[in-house]
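# need a structure here:
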Amino acid sequence: MSVTQSQSVPQSIIRNFTEITKVRLSVSVVFSSAAGYLLGAEAIDFYTLLLLCVGGYCMVGASNVYNQIIERDLDALMDRTKNRPIPAGRMSVPSAFILASILTIVGIVVLYTINPKTAMFGAISIFMYVSLYTPLKTKTPLSVFVGAFPGAIPFMLGWVAATNDFGIEPGTLFMIQFFWQFPHFWAIGWFLFEDYKKGGFYMLPNGKRDKGTAIQVVLYTIWTVLASLIPAVGVTGKLYITPVSAIIIGLLGLGFIYYAMRLYKLKTEKVAKQLMLISVSYITLLQVIYVLDKFLR
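Here you go, the predicted model:
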């Protein structure tokens, strides 16, 4: 019995840590940062890349923990979130706050060792996510617009970590991921509409699953795809993709737009969930293609 208990305690700690820091989301953010680093680096420094991944995970994890502390009572109302560590009673608020504080300090220090600009953008990301986006989620659909800023920082952050410079290249990476946030989060807001309503969250631009919201999803999807193709034109400094990569991204973009149009036409939860999955596939493949294009040309 004691052996089982000794095994279950570390397992429960690991489970609580991965859940409260939202491990899948955090890893996807770290992936974006790593892609940005590989795009910006003239020579890959694997130690710097490791620091970026560790610091990036700490910063995103901290944001998620602060978010769940603030929203603990609302999380308890929604099926999607009621089993998170705090509302389920597996972690206390003081413990979560200590964890978030440690992650914040470690994250900023680690990113600062890369360069001060990287740490600054990481700190801005936490501040905007926790102090602006989180409280606005129950007040206005504009929360998605505010949340798109910290959400778009990781891709750009990698370039800044590699170059210690902010210019047209990281600005372009920021723009791509900024526009992408809207169809992605509105798709989530669409198929989780009823659950979000229990917590009083306003995620859709019109507050309703209607034609107006669907039109905005289509428009932002088109802007995302167009922004993704700008580096092929040769106006974004050292950030450049070849025509072959642009064609591949364009074809992926047509698939993305197709599912956005399907949402406009059918307006169902099933299509919204498909669009969300397509959006994740699109941004991930785009980052992979950008990196491969740089190293294979």
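# Buried residues, stretch 223-242. List them.
Buried residues in stretch 223-242, counted by 16 or more other CB atoms under 10 Å: 223-225, 227-232, 236, 239-241. For the C-beta atoms, the positions are set from N, CA and C on the backbone; glycine is no exception.
# typo on my end, stretch 123-136
Neighbour count says stretch 123-136 has 123, 125-126, 128-130, 133-134, 136 buried, by 16+ other CB under 10 Å.
# Tell me the one of these nearest V291?
Distance to V291, by CB to CB, is smallest for S125 among those, at 21.8 Å.
# quick one: contacts for the residue lying closest to that closest one once chain neighbours are set aside?
Nearest residue to S125 in three dimensions, chain neighbours excluded: P150, at 4.2 Å (CB to CB, 6 or more residues apart in numbering). By CB atoms under 8 Å, 6 or more residues apart in numbering, the contact set of P150 is 63, 124-126, 128-129, 133.
# name the element P150 belongs to?
Using DSSP states H and E, the element containing P150 is helix 143-163.
# average model confidence for that helix?
The average pLDDT for helix 143-163 rounds to 96.
# quick one: buried residues of stretch 50-57?
51-53, 55-57.
# Would you reformat these as a markdown table and include secondary structure and distance to L173?
Shown next, in a markdown table, are those (DSSP: H, G, I helix; E, B strand; the rest coil; distance: CB to CB, whole Å):
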| residue | secondary structure | distance to L173 |
| --- | --- | --- |
| L51 | helix | 19 |
| L52 | helix | 14 |
| C53 | helix | 17 |
| G55 | helix | 18 |
| G56 | helix | 14 |
| Y57 | helix | 19 |
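# how about TSV for the residues you listed, with pLDDT added?
Formatted as TSV, the buried residues of stretch 50-57 follow (pLDDT from 0 to 100):
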residue	pLDDT
L51	97
L52	97
C53	97
G55	97
G56	97
Y57	97
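# R297: which of the residues you listed is nearest?
Nearest to R297, judged by CB to CB, of the buried residues of stretch 50-57 is L52 at 23.9 Å.
# Name the nearest residue to the closest one, ignoring sequence neighbours.
Closest to L52 by CB to CB, 6+ apart is A161, at 4.9 Å.
# now that neighbour: how far from V225?
Using CB to CB, to the nearest Å, one obtains 27 Å as the distance from A161 to V225.
# Need the max-distance pair from the buried residues of stretch 223-242.
W223 and Y240 (20.6 Å).
# can you give me the helices for the stretch 51-200 of the chain?
Counting by DSSP state H, counting those that start in this stretch, the stretch 51-200 of the chain has helices at residues 72-75, 93-114, 116-127, 134-136, 143-163, 168-191, 193-199.
# Put together TSV for those helices, with distance to S26 on each row.
Shown next, in TSV, are those (distance: least, CB to CB, whole Å):
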stretch	distance to S26
helix 72-75	18
helix 93-114	10
helix 116-127	12
helix 134-136	16
helix 143-163	10
helix 168-191	16
helix 193-199	22
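# Please identify which of those helices is closest to V218.
helix 168-191 (8.1 Å).
# mind listing what's buried in the closest one?
Those would be 169-170, 172-191, for helix 168-191 by 16+ other CB under 10 Å.
# can you state the direction angle for that helix and helix 143-163?
150 degrees (axes from the mean of the first three to the mean of the last three CA atoms, to 10 degrees).
# Remind me what helix 168-191 packs against, helices and strands.
helix 23-40, helix 143-163, helix 211-229, helix 243-266, helix 269-296 (3 or more CB pairs under 8 Å, 6 or more residues apart in numbering; DSSP states H and E).
# and the longest one, what other elements does it pack with?
Contact analysis of helix 269-296 by 3+ CB pairs under 8 Å, 6+ apart lists helix 23-40, helix 168-191, helix 211-229, helix 243-266 as its packing neighbours.
# Dump the ones you listed to a markdown table, plus distance to I278 and mean pLDDT.
Compiled in a markdown table, these are given as follows (distance: least, CB to CB, whole Å; pLDDT from 0 to 100):
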| stretch | distance to I278 | mean pLDDT |
| --- | --- | --- |
| helix 23-40 | 15 | 96 |
| helix 168-191 | 9 | 97 |
| helix 211-229 | 9 | 97 |
| helix 243-266 | 5 | 98 |
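# Need the ones you listed in CSV (columns: distance to D73).
CSV is the format used below for these (distance: least, CB to CB, whole Å):
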stretch, distance to D73
helix 23-40, 22
helix 168-191, 20
helix 211-229, 27
helix 243-266, 32
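# of the ones you listed, which approaches K82 most closely?
helix 168-191 (17.4 Å).
# tell me the angle that closest one makes with helix 269-296.
On the basis of the same axes, to 10 degrees, helix 168-191 is oriented at 160 degrees to helix 269-296.
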